[in-house]
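Colleague: could you look at this predicted model? Sequence included:
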Amino acid sequence: MDIQQLIDDIARDIIPYLSAGKPADYIPALAGESATQFAMAVSTLDGQHFHTGLADKRFSIQSISKAFMLAQTLAQTGEALWQRVGKEPSGNPFNSLVQLEYEHGIPRNPFINAGALVVTDIAISQQGDSSAALRSFLREESGEEALDFDYVIASSEAEHGHRNAALAHFMKSCGNIGNPVDQVLAHYFRACSLRMSVRELARAGLFLANHGASPISGQQRLSRSQAKQVNAIMLTCGTYDAAGEFAYRVGLPCKSGVGGGILAILPGKMSIAVWSPGLDARGNSLAGLEALDRFTTRSGQSVF
Ligand SMILES: NC(=O)CC[C@H](N)C(=O)O
């Protein structure tokens, strides 16, 4: 398979879709991105790296941070993590409140906002500065020391984050948040604000493609079984209420963010990152989904 040719073709073919999506507009710092930008990068386990489009432009990874946060926290906590958060798809938008009350403050999964807030709370209890620990993890896994938070985005989220605050306060009232709500929100927003390029993200995902062992840092980040678990949750929950459509069209574990990025993992083979800020109605990159669909369909590669 000529991966470079394939992603160059995809970059050309998705041009009509770039104007169909709408950048996230809930905070001004994200709304300012032009929807017509596109980038894609592929890193393989045999050490090859391919990219097309604006592959060095850093963007706000937003909820893609939830996949790395889960990996880090699962490695430390093990199975006890699942007493505080479920592992079933929610079928609801990522910031939904309604299910949480019915289910007594135990979020459906770690990739909706409520679940990521619980994982952040656990990470703070374990590591103290959980967002700095995540930043170190991603610096090591991308090989880029310069990765950092976007403090403008983080504080803009804090200013407009009433829904996340509501989720966190509700869970606190149920006893499922241990640390002060303000502290949990601050670390969650900072983690979401990390800026990375698709090239950096594709590298950082390699440990998930390599059964937990990172070819970049040389560290065993997860056990083989935990890597399977994180990938499984990415497949079933990583794109929220579009997880069924992603599984059907892309057939890979994916984690998306409202910054327009999507990380996709082909276990045993490669990690793929795509970015285009125009979102569909469910908060996933519209051109990103089109690109990943073409990648797996034309290459014949997926988990199925
Ligand atoms: N889906 C996302 O990327 C959501 C992340 C965003 N920071 C939020 O909490 O709303």
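Modeller: That came through, no problem. Residues are numbered from 1 along each chain as shown.

Colleague: CA only for contacts and neighbour counts going forward, please
Modeller: Noted.

Colleague: what residues does the stretch 1-150 of the chain put near the ligand?
Modeller: Contacts of the stretch 1-150 of the chain with the ligand, taken as CA under 6 Å from any ligand atom, map to 62-63, 94, 113.

Colleague: same list, those, but as JSON lines with pLDDT, neighbour count and secondary structure please.
Modeller: Shown next, in JSON lines, are these (pLDDT from 0 to 100; neighbours: other CA atoms under 10 Å; DSSP: H, G, I helix; E, B strand; the rest coil):
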{"residue": "62", "pLDDT": "98", "neighbour count": "23", "secondary structure": "helix"}
{"residue": "63", "pLDDT": "97", "neighbour count": "30", "secondary structure": "helix"}
{"residue": "94", "pLDDT": "87", "neighbour count": "20", "secondary structure": "coil"}
{"residue": "113", "pLDDT": "96", "neighbour count": "23", "secondary structure": "helix"}
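
Colleague: between which two of the residues you listed is the distance greatest?
Modeller: 62 and 94 (12.0 Å; CA to CA).

Colleague: and stretch 92-110, end to end?
Modeller: Taking CA to CA, to the nearest Å, stretch 92-110 runs 13 Å from one end to the other.

Colleague: and what of stretch 14-29?
Modeller: Stretch 14-29: ends 25 Å apart by CA to CA.

Colleague: which positions in that stretch come out as buried?
Modeller: 14, 17-19, 21-24, 27, 29 (16 or more other CA atoms under 10 Å).

Colleague: let me see the ranges of the helices in the stretch 151-300 of the chain.
Modeller: 151-160, 162-173, 181-193, 198-204, 206-209, 224-237, 243-249, 286-299 (DSSP state H, counting those that start in this stretch).

Colleague: go through the ones you listed and name the closest to the ligand.
Modeller: With CA to the nearest ligand atom as the criterion, the ligand lies closest to helix 181-193 of those, at 5.3 Å.

Colleague: distance between that closest one and the chain's centre?
Modeller: Chain-centre distance of helix 181-193: 15 Å, with CA atoms, centre = their mean, to the nearest Å.

Colleague: check stretch 191-208 too.
Modeller: Worked out by CA atoms, centre = their mean, stretch 191-208 lies 9 Å from the chain centre.

Colleague: would you mind writing the CA trace of that stretch as PDB?
Modeller: Only the C-alpha atoms of stretch 191-208 are listed here, as PDB (Å, rounded to 0.1, in the frame of the first residue of the first chain):
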ATOM      1  CA  ALA A 191      -5.900  19.000  29.400                       C
ATOM      2  CA  CYS A 192      -8.400  19.700  26.600                       C
ATOM      3  CA  SER A 193      -6.500  22.900  25.700                       C
ATOM      4  CA  LEU A 194      -3.300  21.100  24.700                       C
ATOM      5  CA  ARG A 195      -2.200  21.900  21.200                       C
ATOM      6  CA  MET A 196      -0.700  19.300  18.900                       C
ATOM      7  CA  SER A 197      -0.300  18.800  15.200                       C
ATOM      8  CA  VAL A 198      -1.500  15.700  13.400                       C
ATOM      9  CA  ARG A 199       2.100  14.500  13.100                       C
ATOM     10  CA  GLU A 200       2.600  14.800  16.800                       C
ATOM     11  CA  LEU A 201      -0.700  13.100  17.500                       C
ATOM     12  CA  ALA A 202      -0.100  10.200  15.200                       C
ATOM     13  CA  ARG A 203       3.200   9.500  16.900                       C
ATOM     14  CA  ALA A 204       1.600   9.800  20.400                       C
ATOM     15  CA  GLY A 205      -1.000   7.200  19.400                       C
ATOM     16  CA  LEU A 206       1.500   4.500  18.500                       C
ATOM     17  CA  PHE A 207       1.600   2.900  22.000                       C
ATOM     18  CA  LEU A 208      -2.100   2.200  21.500                       C
END
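
Colleague: can you tell me the SS state at residue 133?
Modeller: helix (DSSP: H, G, I helix; E, B strand; the rest coil).

Colleague: about what we covered before: pipe the buried residues of stretch 14-29 into TSV and attach secondary structure per row.
Modeller: TSV is the format used below for the buried residues of stretch 14-29 (three-state DSSP):
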residue	secondary structure
14	coil
17	helix
18	helix
19	coil
21	coil
22	strand
23	coil
24	coil
27	coil
29	helix
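
Colleague: what's the end-to-end length of stretch 42-52?
Modeller: 9 Å.
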